[in-house]
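Peer 1: Sharing a model prediction with you, sequence too.
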2 protein chains.
Amino acid sequence: MAVDLLGGDDAPDVVVDGALRAVRADPDLHLLLVGPTRAAGALVDALDPAQRARLTLRPARTAVETADDLTAARAENTVRAAVAAIRAGQADALVSAGSTGATVTAAALGLGRWPQIRRPALAATLPGVSGPVVLLDVGGSMEPSPATLARHAVLGAAYAAIAHGLDAPRVGLLSVGTEPGKGDRPRRLADPMLRATELPGDARYVGLVEGYDVCLGTRADVVVTDGFTGNVLLKAIEGAYAMAGGPPPDGGAPRAAALLGVAGTVVVCHGAARPADIASGIALAAHLWRRAATDRVAALLATDRTDRTTDTEVRTS
Amino acid sequence: MAVDLLGGDDAPDVVVDGALRAVRADPDLHLLLVGPTRAAGALVDALDPAQRARLTLRPARTAVETADDLTAARAENTVRAAVAAIRAGQADALVSAGSTGATVTAAALGLGRWPQIRRPALAATLPGVSGPVVLLDVGGSMEPSPATLARHAVLGAAYAAIAHGLDAPRVGLLSVGTEPGKGDRPRRLADPMLRATELPGDARYVGLVEGYDVCLGTRADVVVTDGFTGNVLLKAIEGAYAMAGGPPPDGGAPRAAALLGVAGTVVVCHGAARPADIASGIALAAHLWRRAATDRVAALLATDRTDRTTDTEVRTS
């Protein structure tokens, strides 16, 4: 797992601390630490020799290390170096708490996009009443076109089936009520489009769902929305758990999300991630990689797409 | 307070129960119950004579009382009858848990709109860490044009100052990050527009805020968004509180919102409102009416607008 030491509001300290926790929690985990040698040194010193053997350091070219206003540029360097390590076969996955835009761009350019995916989506998993609830997009693409919402439904269905092993996941479109016709224009157009869309993983579209369903998961296992709404929603849920004295025992609003649409395992952590969030982001990346989730989701989408592609073939008989 | 007995998913039972609680809780409250005599009869019977004296019944013309699929049409009749009662001076305010669209339309047509308000907005108040947080819009207008967002900021600032007595409220625009430039196109356009907007009630614009701020209120007292986002957000917060084992002691996500932009005191309750929600909606309407909030907010906006109007005057010197 390549870890971007310079990504995040409180990098590198928080990232180093999170990486430490991840290495200690998972005895099979190897980390490739990408960033300044100085920061990684502290991490290495804190570990026992056996754990230290599971760390590799990749000093990233950080042209400007002092100017605070160039933090973003530095982090982009580390995320690009981490992507390069994946390309070179030196890492299997990437975890970064840096700018989502920079990570998405570096991953899309360096690893390639899946066919038919213009803007990759971020999928977050919340603990519902009776199982995981996948919410997407939570920040990858801001504009809610009906076609993008339909694409998110396909991605989310495949991700839920493969990453979480959900059988025939129920997919809902987030809106302001459950009756058909509820919502703004993109939702009103996407709803009939989704009814006509064949979803992968034996998923079925259950229609419109509401804000409660993101937390409870009683109506749907996958909740589809645009990146703007998903992002503010996830943070509002986090705020509500903070006000209520803490998240429920099974976990609260996640601060790590899987990037769907690029040809590699990429996990994006919240910029304000704490060490525990970084550690759970690394654990998520390891989980996805062990399940070969990215390749299998991409393969499922490719199978799913075969029928449609033939629809557009020119028949010359 | 005119109460629409037929509005809401579980009307009239839930509304009757809620009205009962409201009458018992507030000894100065008089209710005008608008709906079928049969439903109101149960309410009247449950009260002691002194409480009964504070109830008036207004049988609403409900042409179709049996067909379930015509429930919406029936509820619209009661909400129109309630608006007519306000026009006739027989009621001071209206509370309905019926269709938001029907209530907004009936109120806008029957009571009139404030100048420059095309689509009235719904303002919900959440209990933050150190005071109330006003979130708007939560369902009045779905399309997030920059001009609408700027108008919501003005309405929300005036409402926070008058309805909640907040001195110089801080107004934030909900987005996916706090740095300028974060968010979708409407937010990116509205942010500079709001920096240039003079807000009423000595309010000041604090820039972009995030989902957490809706619950915590640490950055802003008024959080401005479009009706789609606000609605799903409010319900997600409600879901999070349910998952966390209940809302914090000061209260959770409100199920009643004030309608801003019509010339009258109108409170819209959630369609799935429970008796306690109806009672708190009635209490909110009474609070707003006692503060003359609607008139004072409208007056504040009119004063606030004077400067701008003169900007466009043709100077003939």
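Peer 2: Nice, thanks for sending it over. As the structure is a computational prediction, the values presented were derived from the model and not from experiment.

Peer 1: how many neighbours does the residue nearest to A:Arg187 when sequence neighbours are not counted have?
Peer 2: Spatial nearest neighbour of A:Arg187, chain neighbours left out: A:Ser175 (4.7 Å); criterion: CB to CB, 6 or more residues apart in numbering or on different chains. In short, each C-beta sits where N, CA and C put it, glycine included. For A:Ser175, the count of nearby residues is 29 (other CB atoms under 10 Å in any protein chain shown).

Peer 1: What does the closest residue to A:Thr178 other than its chain neighbours show for phi and psi?
Peer 2: Once flanking residues are discounted, A:Thr178 sits nearest to A:Leu208: 5.0 Å by CB to CB, 6+ apart. Torsion angles at A:Leu208 (phi, psi; degrees, to the nearest 10) stand at phi -80, psi 140.

Peer 1: gap between the two ends of stretch A:257-274?
Peer 2: Length of stretch A:257-274, first residue to last, CA to CA, to the nearest Å: 15 Å.

Peer 1: now swap in stretch A:244-258 and tell me
Peer 2: 27 Å.

Peer 1: so does that stretch get close to chain B?
Peer 2: Yes. Using CB under 8 Å from any CB of the partner chain, stretch A:244-258 reaches chain B at A:244-248, A:252-253.

Peer 1: can you give me the mean pLDDT across that stretch?
Peer 2: Across stretch A:244-258, the average pLDDT comes to 88.

Peer 1: Name the residues that touch that stretch?
Peer 2: Stretch A:244-258 is contacted by residues A:95, A:122-127, A:138-139, A:159, A:163, A:234-235, A:237-238, A:241, A:265-270, A:272-274, A:277, A:280-281, A:284, A:288, A:293, B:240-241, B:243-248 when judged by CB atoms under 8 Å, 6 or more residues apart in numbering or on different chains.

Peer 1: Buried ones among the residues you listed?
Peer 2: For the contacts of stretch A:244-258, a neighbour count by 16 or more other CB atoms under 10 Å in any protein chain shown gives the buried set as A:95, A:122-127, A:138-139, A:159, A:163, A:234-235, A:237-238, A:241, A:265-270, A:272-274, A:277, A:280-281, A:284, A:288, A:293, B:240-241, B:243-244, B:247-248.

Peer 1: got the contact list for A:Glu179?
Peer 2: Here A:Glu179 is in contact with A:Leu208 (criterion: CB under 8 Å, 6+ apart).

Peer 1: Can you give me the distance of the residue nearest to A:Asp184 when sequence neighbours are not counted to B:Val171?
Peer 2: Sequence neighbours aside, B:Met142 is the residue nearest to A:Asp184 in space, at 3.9 Å (criterion: CB to CB, 6+ apart). Between B:Met142 and B:Val171 the computed distance is 21 Å (CB to CB, to the nearest Å).

Peer 1: Same question for A:Thr294.
Peer 2: For A:Thr294 relative to B:Val171 (CB to CB), the value is 42 Å.

Peer 1: and if you look at A:Leu189?
Peer 2: 32 Å.

Peer 1: Neighbour count for these two, which is higher?
Peer 2: B:Val171 (26 against 17).

Peer 1: Name the SS class of that one, please.
Peer 2: With DSSP: H, G, I helix; E, B strand; the rest coil as the basis, B:Val171 sits in strand.

Peer 1: For it, list each beta-bridge partner.
Peer 2: B:Tyr205, B:Val222 (DSSP bridges).

Peer 1: A:Leu153: what's it in contact with?
Peer 2: In this structure residue A:153 is Ala, not Leu. Per CB under 8 Å, 6+ apart, neighbours of A:Ala153: A:171, A:173, A:194, A:197, A:199, A:205, A:222, A:224.

Peer 1: pLDDT for those residues - can I get that in TSV?
Peer 2: Below are the contacts of A:Ala153 laid out as TSV (pLDDT from 0 to 100):
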residue	pLDDT
A:Val171	98
A:Leu173	98
A:Leu194	97
A:Thr197	93
A:Leu199	95
A:Tyr205	98
A:Val222	98
A:Val224	98
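
Peer 1: Tell me, how many residues neighbour A:Asp250?
Peer 2: If we define neighbours as other CB under 10 Å, then A:Asp250 has 12 of them.

Peer 1: Roughly how far does it sit from B:Ala158?
Peer 2: For A:Asp250 relative to B:Ala158 (CB to CB), the value is 42 Å.

Peer 1: re the thing from before, sitting in helices, which of the contacts of stretch A:244-258 do you find?
Peer 2: A:159, A:163, A:234-235, A:237-238, A:241, A:277, A:280-281, A:284, A:288, A:293, B:240-241, B:243 (DSSP state H).

Peer 1: Relative to B:Ala85, which of these is nearest.
Peer 2: Using CB to CB, B:Tyr241 comes nearest to B:Ala85 of the ones in helices among the contacts of stretch A:244-258, at 35.2 Å.

Peer 1: you'd agree the closest one is up against A:Ile237?
Peer 2: No. B:Tyr241 is beyond contact range of A:Ile237, at 9.7 Å (criterion: CB atoms under 8 Å).

Peer 1: Return the residues of the stretch 1-150 of chain A in contact with chain B.
Peer 2: So far as CB under 8 Å from any CB goes, the stretch 1-150 of chain A lies against chain B at A:129, A:139, A:142-144.
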